[in-house]
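> Structure for this input, please:
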Amino acid sequence: MRSLLLSCLLLSGCQWKADQSTFAGAPQVSIDLAQIRERGFLQAIVDNNSISYFIYRGQPMGYEYELLQSLSRKLNVELKIKVISGIERAIDMLNRGEADLIAFPLTITRERTEYLAFTDAQFTTSQVLVQRKPANWRRMPPTRVERQLIRNPVSLIGKQVHVMDESSFKERLENLSQEIGGEIIIVEDSATAETESLIEKVANGEIEFTVTDQTLGMVNAIYYPDLDVNTVLSLPQQIAWAVRKNSADLQVEVNNWLAQLKDDGRFSILYNKYFNSPRSSQIRMTSTYSSLGGNQLSPYDEEIKKEARNLGWDWRLLASVIYQESNFRPAAQSWAGAVGLMQLMPATAREFGAVDRTNPYQSLHAGSRYLQYLDKLWSKYVRDQQERIKFVLASYNAGLSHVIDSRNLAKKYNKDPNRWEDVESFLRQKSNPKYYRDPVAVAGYCKCEEPIHYVRDILARYEEYKLVIAAA
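Down below sits the predicted model:
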């Protein structure tokens, strides 16, 4: 199984091992496409690695992630993701209804078809040996380098090869031992390091060998030039996603979507972006502003943390606001004349102390003071902080008056004016004359889809940041 790829974001998650007495090997719920559409979101399980899912310069990215975004648009539902460790745990969660789709790069095996329904294959790949090149290999003739590398699997007899616990790599090595007539010593590693930890261990000389799939191996060989991933250990294998065995309609819809993606060329573009663009892969993997190479979102993280403490917010939430506003670009300017990191209008900048709106630190300080002002104002009415944050964000985007109007409308129509879901429904109606001409709606007309999406996008990105970026 592809456990080698699975991120270990939580120590307990990495140590999770299915109890066979409670492991859900078959569906425990009946949730298919109709139920997913009715509730409005698709819950997918993803991995955090150099290919599947990561944060780069504040933006969630990844091969699996971009495919899931496309699929959720096709289904016309919101995408929700969980980042977990371990295929056993993923199968268990799927069959218990805690997810609808396992978006791991899964090798299709006969054993797995007992527990899962696979979608159509996305591509084929082979398993390869990961080993270190000899010291000073750059100064050696290529033929001498080749002689010192394992090219014949027979040479693995008696050698230790580390693989992740219960992986398909383990299964392949067991079969290979039978085929070559000698024992390969398989060490199942329950490493608690981050994604691709065994590849990193080989690169650092902590272990001699591991196994990965060829696509991921080639990407990592760019980052670790001392690695060799050219010894193939298997026939080509199909890579696919998986759903519950009783989610037939979802399976069909995913297959139709994938076929369309391949027919119109979008799949090839995405595949090449992540698997055939070595320079881009290296930049993403080594960047300080990538969850793969560091734990930073922007050059302003320390200042963001300081301002977030004053706000009483998680710094990753404030960072999500800034990304939404400017993509962390200090000179960003909107069509309406908002400028800077926090996209301040001239009057707001003056009121909260930003003389130069393009100065990132002035913009960040003034924008945070404005958020603090909004938070203090709304705290008189909305006591629950999680609810209040939504009112604050909407007010930052659309202005106080339209949010107040929507709150007044909610009160008039016997809805809860302190519950964002109720207020949001009237904010959406502010382009309808029945509501924007109501005497309680003093600010009048507003095409207020933007602040609704603004709140949702910021909070969704914040949840994604929390998956892979440390709290402090």
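> In terms of pLDDT, where does residue 48 sit?
Residue 48 is assigned 63 on the pLDDT scale.
> let me fix that: residue 107
89.
> Hmm, residue 237 and it touching each other?
Yes: when contacts are counted by Cβ atoms under 8 Å, residue 107 is listed as touching residue 237 (4.9 Å). From N, CA and C alone the C-beta is placed, and that goes for glycine too.
> okay, and the common contacts of the two?
Common neighbours of residue 107 and residue 237, using Cβ atoms under 8 Å, 6 or more residues apart in numbering, are residue 213.
> Please name the residues that touch the residue nearest in space to the middle of the chain.
Nearest residue to the geometric centre of the chain (Cα atoms, centre = their mean): residue 53, 4.2 Å. Contact analysis of residue 53 by Cβ under 8 Å, 6+ apart lists 46, 47, 60, 61, 62, 64, 65, 81, 83, 468.
> Please identify which of residue 107 and residue 237 sits among more neighbours.
residue 107 (25 against 18; other Cβ atoms under 10 Å).
> Relative to residue 213, how far out is that one?
Using Cβ to Cβ, to the nearest Å, we find residue 107 at a distance of 8 Å from residue 213.
> I'd guessed residue 374 sits against residue 398; true?
No: Residue 374 is beyond contact range of residue 398, at 11.6 Å (criterion: Cβ under 8 Å).
> what's around the residue nearest to the residue nearest to the centre of the chain when sequence neighbours are not counted, how many residues?
In space, and not counting its chain neighbours, residue 53 is closest to residue 62: 3.9 Å by Cβ to Cβ, 6 or more residues apart in numbering. When neighbours are counted by other Cβ under 10 Å, residue 62 registers 26.
> which residues touch residue 62?
For residue 62, the contact set (Cβ under 8 Å, 6+ apart) comprises 46, 51, 52, 53, 54, 274.
> Check the gap between residue 186 and residue 216 for me.
From residue 186 to residue 216 the distance is 20 Å (Cβ to Cβ).
> Among the two, which residue is more densely surrounded?
Taking other Cβ under 10 Å, residue 186 and residue 216 do not tie; residue 216 has more neighbours (25 against 20).
> pLDDT averaged over whichever strand or helix holds that one - what is it?
Using DSSP states H and E, residue 216 sits within helix 214-223. Helix 214-223 shows an average pLDDT of 87 in the prediction.
> What's the first helix or strand after that helix?
strand 227-232.
> now the angle from that next one to helix 214-223?
Relative orientation of strand 227-232 with respect to helix 214-223: 150 degrees, computed using axes from the mean of the first three to the mean of the last three Cα atoms, to 10 degrees.
> Measure how the next helix or strand along the chain from strand 227-232 sits relative to helix 214-223, angle-wise.
Following strand 227-232 in sequence order, the next helix or strand is strand 237-243 (DSSP H and E). With the same axes, to 10 degrees defining the directions, strand 237-243 sits at 100 degrees from helix 214-223.
> Strand 237-243 - what's its average pLDDT?
The model assigns strand 237-243 a mean pLDDT of 96.
> What of stretch 53-61?
Mean pLDDT, stretch 53-61: 83.
> Do me a favour and get the end-to-end distance for that stretch?
With Cα to Cα, to the nearest Å as the measure, stretch 53-61 spans 6 Å from end to end.
> Tell me the buried residues in it?
53, 54, 55, 56, 57, 58, 60, 61 (16 or more other Cβ atoms under 10 Å).
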